[in-house]
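In: return a 3D structure for these sequence lines:
(chains A and B)
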Protein chains: 2
Amino acid sequence: MRFLIPLISSSITSGHYRITSRLLSAHLTKPQLSTLHPFFNYQPPSMAASEESLRKALAEKQSAVEAHGNAVRALKAAKATKQEIDAAIEALNSLKLEKSSIEKQLQAAVSGSDGDGALSREAFRQAAVNTLERRLFYIPSFKIYRGFAGLYDYGPPGCAVKSNVLAFWRQHFVLEENMLEVDCPCVTPEVVLKASGHVDKFTDLMVKDEKTGTCYRADHLLKDFCNEKLKKDLTISAEKAAELKHVLATLDDLSAEALGAKIKEYGITAPDTKNPLSDPYPFNLMFQTSIGPSGLSPGYMRPETAQGIFVNFKDLYYYNGNKLPFAAAQIGQAFRNEISPRQGLLRVREFTLAEIEHFVDPEDKSHPKYSQVVDLEFLMFPRDEQMSGQSAKKIRLGDAVSKGTVNNETLGYFIGRVYLFLTRLGIDKDRLRFRQHLANEMAHYAADCWDAEIECSYGWIECVGIADRSAYDLCAHSDKSGVPLVAAEKFSEPREVEKLVIAPVKKELGLAFKGSQKNVVEALEAMNEKEALEMKAALESKGEVEFYVCTLGKNVPIKKNMVSISKEKKKEHQRVFTPSVIEPSFGIGRIIYCLFEHSFYTRPSKAGDEQLNVFRFPPLVAPIKCTVFPLVQNQQYEDIAKVISKSLTTAGMSHKIDITGTSIGKRYARTDELGVPFAITVDSTKDVTIRERDSKLQVRVGVEEAALVVKSVTDGLRTWEDVWEKYPHHTSGSADD
Amino acid sequence: MRFLIPLISSSITSGHYRITSRLLSAHLTKPQLSTLHPFFNYQPPSMAASEESLRKALAEKQSAVEAHGNAVRALKAAKATKQEIDAAIEALNSLKLEKSSIEKQLQAAVSGSDGDGALSREAFRQAAVNTLERRLFYIPSFKIYRGFAGLYDYGPPGCAVKSNVLAFWRQHFVLEENMLEVDCPCVTPEVVLKASGHVDKFTDLMVKDEKTGTCYRADHLLKDFCNEKLKKDLTISAEKAAELKHVLATLDDLSAEALGAKIKEYGITAPDTKNPLSDPYPFNLMFQTSIGPSGLSPGYMRPETAQGIFVNFKDLYYYNGNKLPFAAAQIGQAFRNEISPRQGLLRVREFTLAEIEHFVDPEDKSHPKYSQVVDLEFLMFPRDEQMSGQSAKKIRLGDAVSKGTVNNETLGYFIGRVYLFLTRLGIDKDRLRFRQHLANEMAHYAADCWDAEIECSYGWIECVGIADRSAYDLCAHSDKSGVPLVAAEKFSEPREVEKLVIAPVKKELGLAFKGSQKNVVEALEAMNEKEALEMKAALESKGEVEFYVCTLGKNVPIKKNMVSISKEKKKEHQRVFTPSVIEPSFGIGRIIYCLFEHSFYTRPSKAGDEQLNVFRFPPLVAPIKCTVFPLVQNQQYEDIAKVISKSLTTAGMSHKIDITGTSIGKRYARTDELGVPFAITVDSTKDVTIRERDSKLQVRVGVEEAALVVKSVTDGLRTWEDVWEKYPHHTSGSADD
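Out: Modelled structure (predicted):
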């Protein structure tokens, strides 16, 4: 899940997150979106409700724009620094952009032009995001200072969901697979990221407003222009439309020059000022800093966690008893200084990654537990189906591996484990697919790559990358550090192998090349097997060849008597090789955001007068497992509630007591909005009522048993259905109102 | 746990981590160290063993120095960049320093001069650290690139210990206290850290080698000089010795000027080159970076996690139903660009903090659960005892609070909870004390501060700071952001309050001051209650006063008819106030390092021919809970081992299977070194043997029961003693050999 160094243009090389947008524009046609995966699994908010929520959002945004406009004027009047004013203007501009986006949605909603589902997607997202922000699942960071694009806090329920997701990740991967977890610093010296290629290649193409200096992502501007033209300008010819669509489809393959040429050709200017734009140039996405006080040791905030594992390979291999295969894992923060972050939680400047590096003998990529996933069946989208315009389809994993669609067993095993991980979290399996990288998306060294993509209101989002990166990373660090990062297979008995021997005849070479002899000797010895055998053949047939010595920068004539090239048989006791690495890499924030959307639905209140929001989180990830409330304000009931609370704490179950005098229906609605799966209502001193969030079904359970019943379902030891069967039902119809 | 802005000199203001060294030099006399807290709780390694380990370490270090010397020469020969050569030299120098430190220990060991326990401390540390590094509890980061000072990775067992410590922290604090956990980015815009004071004050004093530019911490050089002189130069007079001791005691209070003067006076030069040094100047310890592509938004890697909570106060207060008290918590990375990191894991450039901000009404600092900790008794070191040269003593927490030694109940409650947290992790209660800050260590706004200090081979180390910071932080962010961060207490019925009213008479002021009228009006309105009442009294007695208007920079005469100052009675419905914050702040890495030392001991092997290393981690924090091994290599036994392994995985228990053919004694020794509390040995097809690490006692348990027995003890549901009583004992004496 890193950039692909040599083959792909720079706008892709900055990371897998780029690849998603390419896919959206290039390979996904609208019919697929709307027919294959109907967007709402649950009840969609009614049109009137969404229109209303848009009106509210617009009014809020309008007053925010006014307030910020005043603030900008005040700053100017107070002669604030250019920096402060620019920041305020930037904030104002982004507010204005948001406002105009809402206006557009509202326009569409009022005119009822919801042909392609875009509106219902937008309305759905708005409803979900409003709830998420209001209940502090997340918060724009440093909000009291007007916030900073691309930085978000998780508030209490969001933070709890994140903890739960990471705890399950540890259980499902690290513990179940006996992985070696490590924890490395975010601050990373330049030499490490130079070796990995990030210092030179981890870039996006940027253009600047030539007058104000404001920066934009070049591909975003071109994409916006094309989309705008296609949607708004109904007068363009069919040919022109086809051209624009082609640009969109090939956007991520365009070089800086080609992008610049298109921007010029279409007369694209800075969106805010209409000023001319600079030529596109690469901007490195790493946050740079300096380590130590001297200013002489540049460093960066790591753009991924994987490098910390690679540089420790030698120690980890030793820790594992010098045996392959083994996997190392790391959970931690990663940083990418995005040029202009969009899409809320999906493209941020700091995020949590969870990465696995599974080291394996390149000659044996079988996996001992492969049989456990072989019969899983889920949506896969192989390369060929993408190229021929088909859609993703359900494929049995074992078939995909045996047919060679998936390169090897270990890669297949991890694809299966990722599927299980995501669906157990609560990701809808019908909106989850595994998409294979196209040939031009992969680096030359990669054997095969698959992305777990989750469909949300933004389209199909890459959330997990699963790549067979061959020996690339270990070789890169071996080369730069001089420390061999290799493994050895000891033979049970010595094996006879043929070895190439290149023996330069120094006397002859000295006579012929005098002072340059050393360069020629080194160049001869550095030949690989193919070059050496070609030279041997040529010398045998022609007696002399021209040979390029790079340290001399020229060809020299090599004669038959100057070098002996032969193959010799040797006994070897072991085979030394660089392991391949198979890398499943999880964007935790993206998974969580998609989980939020997949879990969100609305349902009418009992009175039917409003839509209530619900997150249907499985107990595993629910931020709070249970609420406890006395039915009425009453000391006896409150005491019982406290006793139950204490048992829940002892059992390690996060919960909340609500002793406000609000109606029980309102209290249920409040906890549904936080995705709390169970509520214990104290309505007698002997038995209490347990209510399940989604079915709203209620059972009667003894006071002492209540915490344990909830715990057993939450821990997955039994299901709600088991509970429903075992305990008497609560039949009063009034509880939920 | 942050710097104290106005009162304390800059070398302290950079954070609580500074305060430790002050304490070590100022308040801890040797008799206390050696008599009150005997350093080894367990068997110390024999002198011969430590001497041997030092000889080995020295030989290793010597060859490392030679290898690095060669590397430096090679770099110079290859005309590498200055930066590369400097980095290599820096690495070489630090290696040389390490080597000379080992030489010193060895010298002392050979001559037997172990008067003050320093040697046994050093030898103990060396033995512990060797084991920790060899078993990958931690690893110097980027080791294959020669490492970088102050950056460490946690390898697999260290990472597991850290996960366990953090999970327990969440259970003990967040869950038990229903805290609101948040998760904010590390990248922080300048405006936030400007408000908090870090941009201006978070500094250490630095000096530079005037020729090479190498940087040193000024106070470290002075400290080293004084210590060296006191230890080595036996010819100095008693007066001189007293002076040097005074310098050491007041080191952290010295201003840049005073430090510079002392360095000049003593003729201190750069340790590596003997070149002259620059004057000391403040170096900001934050890693600086730039947010976004424009280069116009400076940012820093946060030096602590607390600010993320403060800026969210308003939302969190709302989330808590606008009720006080409540606590918010955050676990995350923090960054400090130390000038020259020392002391291994104790002073690093990136570390994990866990911080709690408990917001409370300043007029009511009681705590509902205070009674639960009131009877705890542990080592406390109040201010008065420190000043009068006494030592820490056991005090009942309730007494400390009721006598006013601890400022308030809430502060006392958290001190008690921290005590429980640390001792349950496995910190030795006899090497844990709570030390109150002296008056000059605290900021003027702080009500009271206590540090949980843990004694390890480096002395008493501050690991948790517990401070009542009053309203300082919320006020600072209210001021800078313009967003009021306040709470309100609604009165059940309106209350009559007296309010000061200052009414400038604009007409008279205009006549008297013309164009300056506005400045005078603003200055009058800005008076606080005391100033206004003084003016009122003066005007009534004298009719005229001189009044300083800061925006004019001069005094102006104010007459009685120019301003009316009065007190009026008003009805108020609520009281609006800035909450106080009580902040327990945990340096997780420091706690873990001290836990490593407190858990480490050695014991002779059965044959008595070597010392074996053991970490006596409680099951709660042990990196691996259990190992499973077949007594002999045998398919049947291996199959049973796998079945048990599967049950352990299902139960969420980290474990390890060892099917190597090594002797059972060696396998026990290996797992003891990782601190694994239980081993299950498969020695029949029906029953297996469970061995406890520290007692080496063994019981016989049925195959199906084995995983559950281990789980129940690990989860704290029963003790090993319960198990020992219930199950038949294994009596074969040969298992451990």
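
In: in the stretch 1-150 of chain A, what residue lies closest to chain B?
Out: residue A:144 (4.1 Å; C-beta to the nearest C-beta). The way it works is simple: take the backbone N, C-alpha and C, and place the C-beta from them, glycine included.

In: for that residue, helix, strand, or coil?
Out: Per DSSP: H, G, I helix; E, B strand; the rest coil, the secondary structure class of residue A:144 is helix.

In: what is the burial count for it?
Out: 22 (other C-beta atoms under 10 Å in any protein chain shown).

In: in this structure it contacts residue B:483, no?
Out: Yes: the criterion here is C-beta atoms under 8 Å, and residue A:144 meets it with residue B:483 at 4.2 Å.

In: identify the contacts common to those two.
Out: Residues within reach of residue A:144 and of residue B:483 at once, by C-beta atoms under 8 Å, 6 or more residues apart in numbering or on different chains, are B:314, B:477.

In: gap between the residue of the stretch 1-150 of chain A closest to chain B and residue B:314?
Out: Distance, residue A:144 to residue B:314, by C-beta to C-beta, to the nearest Å: 7 Å.

In: find residues that contact each of these two.
Out: Common neighbours of residue A:144 and residue B:314 (C-beta under 8 Å, 6+ apart) are B:483, B:485.

In: please name the nearest non-neighbouring residue to the residue nearest the centre of chain A.
Out: In chain A, the residue lying closest to the centroid (C-alpha atoms, centre = their mean) is residue A:587, at 3.1 Å. Among residues not flanking residue A:587 along the chain, residue A:463 sits closest, at 5.5 Å (C-beta to C-beta, 6 or more residues apart in numbering or on different chains).

In: and the pLDDT at residue A:721?
Out: Each residue has a pLDDT score; the one for residue A:721 is 94.

In: any idea which element it lies in?
Out: Element membership of residue A:721, judged by DSSP states H and E, is helix A:720-726.

In: how about that helix as CSV, C-alpha atoms only?
Out: Output of helix A:720-726 as CSV, limited to C-alpha atoms (Å, rounded to 0.1, in the frame of the first residue of the first chain):
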residue,chain,number,x,y,z
TRP,A,720,-29.8,-11.8,21.0
GLU,A,721,-32.0,-14.6,19.5
ASP,A,722,-30.7,-16.9,22.3
VAL,A,723,-31.6,-14.3,24.9
TRP,A,724,-35.0,-13.7,23.3
GLU,A,725,-35.8,-17.4,23.4
LYS,A,726,-34.6,-17.9,27.0
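
In: give the contact list for the residue of chain A most remote from its centre.
Out: Most distant residue from the mean C-alpha position of chain A: residue A:511, 61.2 Å away (C-alpha atoms, centre = their mean). For residue A:511, the contact set (C-beta under 8 Å, 6+ apart) is empty.

In: what are the phi and psi angles of it?
Out: As for residue A:511, its main-chain torsions (degrees, to the nearest 10) stand at phi -60, psi -40.

In: now residue A:447
Out: phi -80, psi -40.

In: got a list of what it touches?
Out: Counting by C-beta under 8 Å, 6+ apart, residue A:447 has contacts A:407-408, A:411, A:468-470, A:580.

In: any idea of the pLDDT on residue A:19?
Out: Residue A:19 is given a pLDDT of 27.

In: residue A:346 too?
Out: Note for residue A:346: predicted pLDDT of 90.

In: how near is it to residue A:560?
Out: Taken as C-beta to C-beta, the span from residue A:346 to residue A:560 is 65 Å.

In: helix or strand for the residue lying closest to residue A:277 once chain neighbours are set aside, which one?
Out: Leaving aside its sequence neighbours, residue A:277 sits nearest to residue A:207 (C-beta to C-beta, 6+ apart; 4.4 Å). Assigned by DSSP H and E, residue A:207 falls within strand A:203-208.

In: CA-only coordinates of that strand, as CSV, when you get a sec.
Out: Only the C-alpha atoms of strand A:203-208 are listed here, as CSV (Å, rounded to 0.1, in the frame of the first residue of the first chain):
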residue,chain,number,x,y,z
THR,A,203,4.6,13.7,-4.6
ASP,A,204,1.4,15.2,-6.1
LEU,A,205,1.3,17.7,-8.9
MET,A,206,0.5,21.2,-7.8
VAL,A,207,-0.3,24.5,-9.4
LYS,A,208,-0.1,28.0,-7.9
